[in-house]
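Trainee: predicted model, plus sequence, below.
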Amino acid sequence: MLKTTVIQINDDTNDTTHEFTFREPTTPVVSRYFSMAGKNLPKASHEFCNDTIVPEQKDQWLNVLQTKPGYAVQAANRMLDLLGYGAETKKIERPTGSNKESA
């Protein structure tokens, strides 16, 4: 069964809400996104979303992107967050000497 995620994008400029369904990205799609994102984030996000949008919504998605290209960045970020790429990490400090060997 194909795993999908519905992403809701709210447009505060005109109180519009769009919902799009994306498939879970494959490892190569995620890898390509990260290799491109540092050079051109909007293009990387656009391609990431185009690779994962369900086929029956692709035309609607591309039409919305003509007027709101930033939606691709929002959707890509949300999908990556859901996959754990946006999770915050922190260093755990251990007390000094907690790994002492016994004599």
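Mentor: Looks like it came in fine. Numbers count the residues shown, from 1 in each chain.
Trainee: for the rest of this, base every contact and every neighbour count on C-alpha atoms.
Mentor: OK.
Trainee: residues contacting residue 14?
Mentor: Under the criterion of Cα atoms under 8 Å, 6 or more residues apart in numbering, residue 14 has no neighbours.
Trainee: that one and residue 63, how far apart?
Mentor: Separation of residue 14 from residue 63 (Cα to Cα, to the nearest Å): 17 Å.
Trainee: ok, now residue 27?
Mentor: Where residue 63 is concerned, residue 27 sits at a distance of 27 Å (Cα to Cα).
Trainee: next: residue 77.
Mentor: For residue 77 relative to residue 63 (Cα to Cα), the value is 20 Å.
Trainee: comparing these two, which residue is more hemmed in?
Mentor: Ranked by neighbour count (other Cα atoms under 10 Å), residue 77 and residue 63 place residue 77 first, with 15 against 12.
Trainee: ramachandran angles for the more buried one?
Mentor: When quoted as degrees, to the nearest 10, the phi and psi of residue 77 stand at phi -60, psi -40.
Trainee: how about it, what does it touch?
Mentor: Contacts of residue 77 (Cα under 8 Å, 6+ apart): residue 86.
Trainee: show the model's pLDDT score for it.
Mentor: Looking at residue 77, its pLDDT is 92.
Trainee: pretty sure residue 86 sits in a helix.
Mentor: No - assigned with DSSP: H, G, I helix; E, B strand; the rest coil, residue 86 falls outside any helix and is coil.
Trainee: how about the secondary structure of the nearest residue to it once chain neighbours are set aside?
Mentor: Of all residues not flanking residue 86 in the chain, residue 80 sits nearest, at 6.4 Å (Cα to Cα, 6 or more residues apart in numbering). On the three-state scheme (three-state DSSP), residue 80 is labelled helix.
Trainee: swap in residue 5?
Mentor: Residue 5 is classified as strand under three-state DSSP.
Trainee: could you measure from it over to residue 62?
Mentor: For residue 5, the distance to residue 62 - Cα to Cα - is 18 Å.
Trainee: and the strands in this structure?
Mentor: Using DSSP state E, the strands of the chain run over 4-11, 16-23.
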